[in-house]
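1. Could you work out the structure for the sequence below:
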Amino acid sequence: MQVEATFPDVGLGTLVLRMSRSSPGRYSLHDFAKNVYDVHVTGANGREIETTRPDPYGWNASGHGGSATVKYKVYGDRVDGTYLAVDTTHAHINMPAAIMWAHGLDERPITVTFDQPAGMGGRWLVATQLHGEGFPILNNVPIPPSYTFTAPNLQYLMDSPADFGIIGIRRFSVGQKNFRFALHHTGTDAELTDYAKDVEKIVREEGAIYGEYPNYEPGYYTFIADYLPYASGDGMEHRNSTVISAAASIATGRGRLLDTVAHEFFHCWNVERIRPKGLEPFDFDRANLSGELWLAEGFTQYYGPLALQRTNLVDLTSTLRTIGGLIESVSGPGHLVRSAEEMSRMAPFIDGGRTSDRTNWSTTVISYYPFGGAIALAMDLSLNDRSDSRLSLDDFMRAMWTKFGKPGGVREGYVDRPYTMADAEAALAEVSGDRAFAHEFFSRYIQGHDVADYARLLSRAGFTVRKRNAGRAWLGDMRLESRNGTRVATLVAPTWPVYAAGVDQDDVLQQLDGTRIGGDADVATVLQRHKPGDTIPIVFADRTGVAQTKTITLGEDPHVDVVEAGSLSPAQRAFRDRWLKSRQ
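-> Purely as a prediction, here's the structure:
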């Protein structure tokens, strides 16, 4: 893609041009300069000037005479919420992946023009939260050769993705708020029309949680979706829009796609306006660190499926499967190593980051998405439990919105009152009316290593947490692979029975209870002969080739499911309904 950027009235000093290293909604580094090439800068007199490279991410231009124009090409072929993708049907643009900017000019208003590519028949439209109109056909106006939009400052520009191409659009309103669902896909117009009705159900239900919608500065909120066979599955929140991509279609993946819609739309309150202090303002030159992603992302992870349940877009079985998954996530060994706050600070490494060295993350890290989702579940049920359902997590989110989100910012694109961990605890204290409860909850489940008593909490709603394979012998969730012998392919967690025998990753597992082991199926066969508490021999060779014979005391498979307990009492029915029924 060819990009041209002009910087007028910049004085006579060195113009420091940059490509972003990070992107709003992502927490790791992506170093977008890697895809930029053929860079040329001209000065006020129209002559090209030589640039220097202070680092891999920037270009310094001196002697420009007070204004400069930079022209460059940028490559992109990944349809998701982070990168750039250009083909003959559209340009899918995440601004940090495409737009070069200059230090010191953050507060200048910006004009962005999209030129129709030659040979495309002049049929391309623009879906974006930038100020301007990208859908002239909605007003029966001919499609122009180019589109011009504006952003009030750099923060807003970089937070404004765009899809420029052949797009279907559906609109709806809730009260005075306007919404647009823009879709680039291979399906039919009828599918889009029907799907947009479900999107509207989600929008209405999530609006009922807060009691109102944010002020969408362009006058509307835009869903920008790409459901294409070659897209990467992703969802990315922005202030007045979201990008959703998937290698699926409405016809084949509707439920999963709507789950992402529900998650991303909830973000227009939680994280975009109810914003952690570590993310505000966003720094495009570095990774942005926050200890509150368990709330910003994890609570959103909880509310997406909850909104689908409340709108009857999923059945109860699906919701219980989701709840069970959240409980499973915090039952592993990772919660003993890092708290939810510490897991949040791992985001720069695990949110799309890449490592070439081995890590122990499989046993020490739980994503802040399900970790935070499990905390949200515990907080929601605890508030309901303590108040006989007069209070819920909805009250907590409304309190956070009222104090930190709704006040907004003096400058468009900014949040003037981002919150801290202490602020979130204070909000829980205010909502619950019990400062001691709030402090204990945060100390144990968010900044500590305890796990809530989900079985007791869920029993109030007539659900049971039960062992998935009760009575089944278990030595750990160890996987094997054939690699110069039958080797342990995973790290061995300290909470697994096999850990006590000294078995580790890369060891060759030779025998278990006298049976030669050639793969996972052989281990399963041996375990079927035993029960928890049995002690059996194990023969293995460590990575140096030294053979060892040890014994293992088998445990019981700890994995759980959440299921209906049976007939509901009137109290359980009332509790469940106040939790899972629509707020409209």
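
2. ok, Val141 - how many residues close by?
-> The burial count assigned to Val141 is 10, neighbours taken as other CB atoms under 10 Å. From N, CA and C alone the C-beta is placed, and that goes for glycine too.

3. Check the gap between it and Asp159 for me.
-> With distances taken as CB to CB, to the nearest Å, Val141 is found 27 Å from Asp159.

4. do the same with Val199
-> Remark: distance between Val199 and Asp159 (CB to CB) = 21 Å.

5. Settle it for me: which of the two has more neighbours?
-> Comparing Val199 with Asp159 by other CB under 10 Å, the one with more neighbours is Asp159, at 24 against 20.

6. Return the backbone torsion pair for that one.
-> Asp159 has phi and psi values of phi -100, psi 10 when expressed as degrees, to the nearest 10.

7. pull the longest strand from the protein.
-> strand 177-185 (DSSP state E).

8. Over that strand, what's the mean pLDDT, rounded is fine.
-> Averaging pLDDT along strand 177-185 yields 98.

9. Give me the sheet partners of it and which way each runs.
-> When sheet partners are counted by DSSP bridges, strand 177-185 sits next to strand 168-174 (antiparallel), strand 221-227 (parallel).

10. who touches that strand?
-> Under the criterion CB atoms under 8 Å, 6 or more residues apart in numbering, residues 89-90, 92, 125, 127, 135, 163, 165-173, 192, 195-196, 199-200, 203, 207, 213, 216, 219-228, 249-250 lie in contact with strand 177-185.

11. Now with 6 Å, please.
-> By CB atoms under 6 Å, 6 or more residues apart in numbering, the residues outside strand 177-185 that reach it are 90, 127, 163, 165, 167-172, 192, 196, 199, 203, 213, 220-227.

12. Please apply the same query to stretch 363-373.
-> Outside stretch 363-373, the residues within contact range by CB under 6 Å, 6+ apart are 293-294, 297-299, 301-302, 326, 329, 333-334, 337, 340, 343-344, 346, 491, 493.

13. Can you measure across that stretch, start residue to end residue?
-> Taking CA to CA, to the nearest Å, stretch 363-373 runs 19 Å from one end to the other.

14. to the chain's geometric centre, what's the distance from it?
-> Stretch 363-373 has its C-alpha centroid displaced from the chain centroid by 12 Å (CA atoms, centre = their mean, to the nearest Å).

15. surely Gly81 meets Asp234?
-> Yes - because the distance of 4.3 Å satisfies CB atoms under 6 Å, Gly81 is recorded as touching Asp234.

16. Compare the two (neighbour count), which wins?
-> Regarding Gly81 and Asp234, a neighbour count based on other CB under 10 Å identifies Gly81 as having more, with 27 against 21.

17. any idea how far that one lies from Ser245?
-> Applying CB to CB, one obtains 7 Å for the distance of Gly81 from Ser245.

18. Now for the two: what residues contact both?
-> The overlap between the contact sets of Gly81 and Ser245 (CB under 6 Å, 6+ apart) consists of Asp234.

19. Asp561: which of the strands paired with strand 177-185 is closest?
-> For the strands paired with strand 177-185, the distance to Asp561 is smallest for strand 221-227, at 31.1 Å, taking CB to CB.

20. which one is Ile350 nearest to, not counting chain neighbours?
-> Nearest residue to Ile350 in three dimensions, chain neighbours excluded: Val365, at 6.5 Å (CB to CB, 6 or more residues apart in numbering).

21. can you tell which of the strands paired with strand 177-185 is closest to Arg411?
-> Closest approach to Arg411 among the strands paired with strand 177-185 (CB to CB): strand 221-227, 19.8 Å.

22. continuing past that closest one, what's the next helix or strand?
-> The element immediately downstream of strand 221-227 (helix or strand, assigned by DSSP states H and E) is strand 234-237.

23. quick one: buried residues of that next one?
-> Neighbour-count burial for strand 234-237 flags 234-237 (criterion: 16 or more other CB atoms under 10 Å).

24. That strand: what's the following helix or strand?
-> Heading towards the C-terminus - elements assigned by DSSP H and E - strand 234-237 is followed by strand 241-246.

25. For that following strand, the averaged confidence score.
-> Confidence over strand 241-246 (mean pLDDT, whole number) is 98.

26. mind listing what it pairs with, with the direction of each?
-> With DSSP bridges as the test, strand 241-246 is paired with strand 221-227 (parallel), strand 234-237 (antiparallel).

27. Any chance of the ones you listed in CSV with mean pLDDT as columns?
-> What follows is those, written out as CSV (pLDDT from 0 to 100):
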stretch, mean pLDDT
strand 221-227, 98
strand 234-237, 98
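
28. Just put those strands in a markdown table and tack on distance to Asp507.
-> Supplementary listing: those in a markdown table, determined by distance: least, CB to CB, whole Å:
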| stretch | distance to Asp507 |
| --- | --- |
| strand 221-227 | 44 |
| strand 234-237 | 37 |
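
29. how about the nearest residue to Ser432 once chain neighbours are set aside, secondary structure?
-> Once its chain neighbours are removed from consideration, Ser432 has its nearest residue in Ala438; the separation is 6.0 Å (CB to CB, 6+ apart). With DSSP: H, G, I helix; E, B strand; the rest coil as the basis, the three-state label of Ala438 is helix.

30. likewise the one 5 residues further on?
-> Secondary structure state of Ser443, per three-state DSSP, is helix.

31. among the strands paired with strand 241-246, which is nearest Ser482?
-> Set against Ser482 and scored by CB to CB, those come closest in strand 234-237, at 33.5 Å.

32. Any idea how far the closest one is from the middle of the chain?
-> Relative to the mean C-alpha coordinate of its chain, strand 234-237 is positioned 6 Å out (CA atoms, centre = their mean).
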